[in-house]
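> Test case, fold it:
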Amino acid sequence: MHLICHALLDVLYPPLCQGCGLRVRAGDFLCPACLAELLPLPLTRAQSSAHIASLACACDATMMLVGWEYENGSVIERCIHTMKYRQLHRAGEWLGRLLGERLIGTCLLEGDPLLLPVPLHPLKRIERGYNQAEHLCRGLAAECGLEWESRLLLRQRYTSSQSASRLDRDERQANVRDAFMADQARAVELGARPLLLVDDLVTTGATIGACSDVLISSGFTDVRILAVARPPRH
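This is a model prediction of the structure:
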C-alpha cells in the first residue's frame, strides 16, 4: 500500500529536480546536472580532525564528517530547505542514501555505530510534522546497513531554530544550553556502543556540541558526528 500511494503521488505530482525544476525519475530529487553541482567534502580522518578543530563552539566528538559544502543559493541549500520546510520528508531519506553511498568504507562507519538523529522538541515536531534528521537516518541505515535509535537523546526545552536564526556563537550556545537530555535507562541498555549523531547542517557546532556533551556525560566514550552540509570556513 505504501508503494502504491507513492506511485500515485508521482503521477499526480510529477517529481521535479529541486535544483532546476526539470522532471526527474520517480524517487530522485536532483537531475544529473544539478547533482554534479554538489561540492563534496573529503571523508577522511584528516578532514575529520580539521572539522572538529575549526568549530566555533567546543565539541568533544571523536570524529566528524560532512557530506557537502553549503552555500546560500546552492543546490544543497535547496535540497535541505525542501526536506525541512516543504513537507517532503522523502527528500531526507534520499539525501541519507546519497550520503550513505559515499560513506561506505570510511572511518566513520568503523565499529558499526548506532545512528542517532538530533532530536526535535515535541512541539517543534508537531509544528513541522516530522524530524528531518530521522529521515536522514532512515536513508543512511538502508544504504549502510546500520541501525538507528530515537529514544536515547531527547530535546527537553523548546528553542528557536539555530539555522534559521541570526544568532552569534555565544547566543547559539545559550540557545541550546540544557536543551538536551539522555534517557539513562536506554543508555545503560546500549552500553559502550559507538554513536553517530546525524544532523542536516552544522555551522558553529553549538547544537552538536551540546548533544555530544550530554551523551559523553551519560557514559558514551565514542560519539561521532555526521552532517549533510557545512558552510565554507573562512
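> for the most centrally placed residue in the chain, which residues make a bridge with it?
Closest residue to the average C-alpha location of the chain: Asp199 at 2.3 Å, with C-alpha atoms, centre = their mean. Beta-bridge partners for Asp199, by DSSP bridges, are Ala227.
> Could I get the contacting residues of it?
For Asp199, the contacting residues are 117-118, 133, 136, 207-208, 225-228, by C-beta atoms under 8 Å, 6 or more residues apart in numbering. For glycine as for every other residue, the C-beta is placed from the backbone atoms N, C-alpha and C.
> So which of those residues wins on neighbours?
Leu136 (31 neighbours; other C-beta atoms under 10 Å).
> hang on, that one in a strand?
No: counting by DSSP: H, G, I helix; E, B strand; the rest coil, Leu136 is not found in a strand; it is helix.
> Now do Leu88: how many residues are near it, please.
Using other C-beta under 10 Å, Leu88 is surrounded by 18 other residues.
> And Arg125, by the same measure?
For Arg125, the count of nearby residues is 14 (other C-beta under 10 Å).
> Please look at it and Gln132 and confirm they touch.
No: at 10.3 Å, Arg125 does not count as touching Gln132 under the criterion of C-beta atoms under 8 Å.
> which residues touch stretch 201-218?
55-61, 64, 66, 70, 80, 116, 118, 152-153, 162-163, 169, 172-173, 175-177, 179-182, 184, 187, 195, 197, 199, 223, 225, 227-231.
> Buried only: go through those for me.
Listed as buried from the contacts of stretch 201-218 are 55-57, 59, 61, 64, 66, 70, 80, 116, 118, 152-153, 162, 172-173, 175-176, 179-182, 187, 195, 197, 199, 223, 225, 227-231; burial here means 16 or more other C-beta atoms under 10 Å.
> Mind checking which of the residues you listed land in strands?
Under the assignment DSSP state E, those contribute 64, 66, 116, 153, 180-182, 195, 197, 199, 223, 225, 227-230 to strands.
> Pick out whichever of those residues sits closest to Leu98.
Leu98 has its nearest neighbour among these in Val228, at 8.9 Å by C-beta to C-beta.
> Settle this for me: that closest one is touching Leu65, isn't it.
No: if you go by C-beta under 8 Å, Val228 and Leu65 don't touch, sitting 10.6 Å apart.
> Please read off the pLDDT at the nearest residue to Tyr158 once chain neighbours are set aside from the model.
Sequence neighbours aside, His121 is the residue nearest to Tyr158 in space, at 4.5 Å (criterion: C-beta to C-beta, 6 or more residues apart in numbering). On pLDDT, His121 comes in at 91.
> what sits against His121?
Going by C-beta under 8 Å, 6+ apart, His121 touches 155-159, 179.
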